[in-house]
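**Q** requesting a structural model of the entry that follows:
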Amino acid sequence: MTATGFTTLDGIIVVLYLIGTTMLGVWLGRGQSSARDYFVAGDKVPWWAVLFSVVATETSALTFISIPGLAYIGNLGFLQVALGYVVGRIIVSFVLLPRYYQGELVTAYALLETRFGSATRRFASITFMVTRVFGDSVRLFATAIPVALLIGPLVSPEYVGPLSILILGACTVVYTYQGGMKAVIWTDVIQIGVYMTGGLAALYLVGGDVAGGWSRIFTDADARGQLQLFDLYTGFDRPHTLWAGVIGGAFLSMASHGVDQMVVQRLFATGDLKLARRALIGSGFVVFAQFTMFLIIGVGLYAFYQGEAFPRPDAIFPRFIVEVMPPGLTGIVIAAILAAAMSTISSSINSLAAASVHDLYLPLTGKRADDPGLLRTSKRFTLLWAAVLIGGALLYSDEGTPVVTIALSIASFTYGGLLGAFFLGLGVKRARQRDAILGMSVGISIMSVVVFATQLSTWFPALDPVLSPVRGVAWPWFVLIGTSLTFATGFLSSLIFSAPPSDAIASERSA
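**A** Numbering: from 1, shown residues only. This next block holds a predicted model:
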């Protein structure tokens, strides 16, 4: 098939998609009367819609374009991590979800307040906010690139990047502001359909353009070892092994789907424990199937490009999209990349607003959750966080800056602290607020050193002998290590310091 590039038809499709998604989100915002409607859609969303929304939220544009590259240069080993994602969701469904549904909660961190106290809730919520702002502002920056294809010929080069970020951010914030969680979930359902369509189209085109089709592709790939799924290596320096995938992936999923407000907030929208459990576990299997599809695309692209070497694996699938896909389909797939980004950004904005309102604003002002003016306040926080995310994205000038790497890695060392605090509350009865906050602080601090050991060795060569043992630890183990450090620190603290009397505990929880 001859290369086509980005055509006018593709541009029209992308523009119509942006406009259509924005208008749909605004329309879905009709009839909201309370902040609970705004943040958890009145507890009336079907479980299957929540399922697809969870999948769409965790599928960023970076995932869409990078997963095929993993199979291109390697094999199907990433599915071991996806298997761990399923295991982690099952554990969350039966350990944490029942406790969330024991009260009328809107944020995940309210559970920490009932166990430890308000200070623990605020600490965890602020940790979540920092993680989201850094990580998702970078995702917004990276995903504005497809919009630049549209406006590049129309404006000066120095304005292409900032204007692309503003366009994508503005479209997302309009429907998020107006429609709240209801708009976020239902646009997610549409968005997952768009990018799955793009993936299936890529499978069809690759198979049609390689002599012998998929039968020949799989035969040759198997001979190269490209279809290898399991790696029984027991070290800690490889990310895609059975043990790192199943154990490390399970802990990562327990954190991202059990204590991350962005996902937990969706599960509240079902209004029923059994339905939330069905949505969460089902999303794990859908994600596994989705990763399988994108990895298979990578295997096919290896045959299509005959093993050509690329400077970066992330560039392989985008090149195929722009150069090979026919006019119209290129626009649909670029719209799919935007869909993945808008889903993540809209979810981030709404969850940040929810955490701000319920974890900080209400406790500090003394107002009730049913205050009639809270809906207006919630929308103001939505605008505030949208401005912060867009502003953060505008600060980045190059995808290769160290700041980008740091931002994308933040979840690796904060998730363990959050998950460890929840496990401490569930497993250590004598643990108090002091122990939880100390555990999270130690866990996050040490994991900061573990995650950035390579950079620290470069900046401070004298520390290299100390950092060398942890420098090669693969990323799937980060959450498990952080969780263990947090739990162990909190447990030891509870043993060293005697438990306070009951009246002191009550005072501590109201602090």
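
**Q** residue contacts, residue 440?
**A** 123-124, 127, 417-418, 420-421, 486 (Cβ atoms under 8 Å, 6 or more residues apart in numbering). For every residue, glycine as well, the C-beta is placed using N, CA and C.

**Q** possible to save the residues you listed as a markdown table with neighbour count?
**A** Listed next are those as a markdown table, based on neighbours: other Cβ atoms under 10 Å:
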| residue | neighbour count |
| --- | --- |
| 123 | 23 |
| 124 | 30 |
| 127 | 21 |
| 417 | 29 |
| 418 | 32 |
| 420 | 30 |
| 421 | 30 |
| 486 | 29 |
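
**Q** which strands and helices sit next to whichever strand or helix holds residue 318?
**A** Counting by DSSP states H and E, the element that carries residue 318 is helix 316-323. Helices and strands touching helix 316-323, as assessed by 3 or more Cβ pairs under 8 Å, 6 or more residues apart in numbering; DSSP states H and E, comprise helix 61-73, helix 157-209, helix 273-304, helix 329-355.

**Q** looking at the ones you listed, which one is packed in the most?
**A** helix 329-355 (a mean of 28; mean count of other Cβ atoms under 10 Å).

**Q** give me the angle between that one and helix 61-73.
**A** Calculated by axes from the mean of the first three to the mean of the last three Cα atoms, to 10 degrees, helix 329-355 forms an angle of 130 degrees with helix 61-73.

**Q** helix or strand right after helix 329-355?
**A** With elements assigned by DSSP H and E, the helix or strand that comes after helix 329-355 is helix 362-365.

**Q** other SSEs contacting that next one?
**A** The contact analysis (3+ Cβ pairs under 8 Å, 6+ apart) places helix 362-365 against helix 118-143.

**Q** looking only at pLDDT, what's the mean for the helix it packs on?
**A** The average of the pLDDT scores along helix 118-143 is 85.

**Q** show the contacting residues for residue 306.
**A** Residue 306 touches nothing, counting by Cβ under 8 Å, 6+ apart.

**Q** start at 427 instead
**A** Right, with 427 as the first residue, what we last looked at is residue 732.

**Q** how much space separates it from residue 867?
**A** 52 Å (Cβ to Cβ, to the nearest Å).

**Q** pLDDT weak spots in the stretch 527-676 of the chain?
**A** 530-531, 568-587 (pLDDT under 70).

**Q** count the neighbours of residue 653 for me.
**A** 17 (other Cβ atoms under 10 Å).

**Q** excluding its backbone neighbours, what's nearest it?
**A** Excluding the flanking residues, the one nearest residue 653 by Cβ to Cβ, 6 or more residues apart in numbering is residue 647, at 5.3 Å.

**Q** show me how far whichever helix or strand residue 884 is part of is from its chain's centre.
**A** Residue 884 is part of helix 879-885 when elements are defined by DSSP H and E. From the chain centre to the centre of helix 879-885 is a distance of 26 Å (Cα atoms, centre = their mean, to the nearest Å).

**Q** show me what the next helix or strand after that helix is packed against.
**A** Heading C-terminal from helix 879-885, the first helix or strand you meet, by DSSP H and E, is helix 890-897. When contacts are defined as 3+ Cβ pairs under 8 Å, 6+ apart, helix 890-897 sits against helix 859-877, helix 879-885.

**Q** buried ones in the shortest one?
**A** Residues of helix 879-885 classed as buried: 879, 882-883 (neighbour count, 16 or more other Cβ atoms under 10 Å).

**Q** send me it as PDB with only the CA atoms.
**A** C-alpha atoms of helix 879-885 as PDB (Å, rounded to 0.1, in the frame of the first residue of the first chain):
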ATOM      1  CA  ALA A 879      18.800   5.800  41.600                       C
ATOM      2  CA  THR A 880      20.400   6.100  38.100                       C
ATOM      3  CA  GLN A 881      19.900   9.900  38.000                       C
ATOM      4  CA  LEU A 882      21.200  10.300  41.600                       C
ATOM      5  CA  SER A 883      24.300   8.200  40.800                       C
ATOM      6  CA  THR A 884      25.000  10.500  37.800                       C
ATOM      7  CA  TRP A 885      24.500  13.700  39.900                       C
END
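
**Q** residues touching it, excluding its own?
**A** Contacts for helix 879-885 (Cβ under 8 Å, 6+ apart): 828, 875, 889-890, 893-894, 896-897, 899.

**Q** among those, which one sits closest to residue 484?
**A** Closest to residue 484 out of these is residue 899 (23.1 Å), distances taken as Cβ to Cβ.

**Q** leaving out the residues flanking it, which one is nearest to the closest one?
**A** Here the residue nearest residue 899, using Cβ to Cβ, 6+ apart, is residue 662, at 5.3 Å.

**Q** what about the one you found, which SS state?
**A** Following DSSP: H, G, I helix; E, B strand; the rest coil, the label given to residue 662 is coil.

**Q** thinking again about what came up before, and the helix holding residue 744 with helix 583-635, angle?
**A** 90 degrees.

**Q** low-scoring pLDDT stretches of the protein, where are they?
**A** 427-432, 486-488, 530-531, 568-587, 822-837, 924-937.

**Q** who's in contact with the residue nearest the centre of it?
**A** For the chain, the residue nearest the mean C-alpha position is residue 484 (4.2 Å; Cα atoms, centre = their mean). Residue 484 makes contact with 682, 689, 713, 770 under the criterion Cβ under 8 Å, 6+ apart.

**Q** can you do 10 Å?
**A** Residues near residue 484 by Cβ atoms under 10 Å, 6 or more residues apart in numbering: 511, 679, 682-683, 686, 688-689, 709, 713, 716, 766, 769-770, 773.

**Q** and residue 857, backbone torsions?
**A** Main-chain torsions, residue 857, degrees, to the nearest 10: phi -70, psi 140.

**Q** thought it was touching residue 538?
**A** No - taking contacts as Cβ atoms under 10 Å, residue 857 lies outside contact range of residue 538: 11.4 Å.

**Q** can you work out which residues contact both of these two?
**A** Both residue 857 and residue 538 are in contact with 847, 850-851, where contact means Cβ under 10 Å, 6+ apart.

**Q** now the end-to-end length of stretch 876-890.
**A** 12 Å (Cα to Cα, to the nearest Å).

**Q** what's the spacing between that stretch and its chain's center?
**A** 27 Å.

**Q** of all the contacts of residue 484, which comes closest to residue 904?
**A** Among these, and counting by Cβ to Cβ, the member closest to residue 904 is residue 682, at 12.1 Å.
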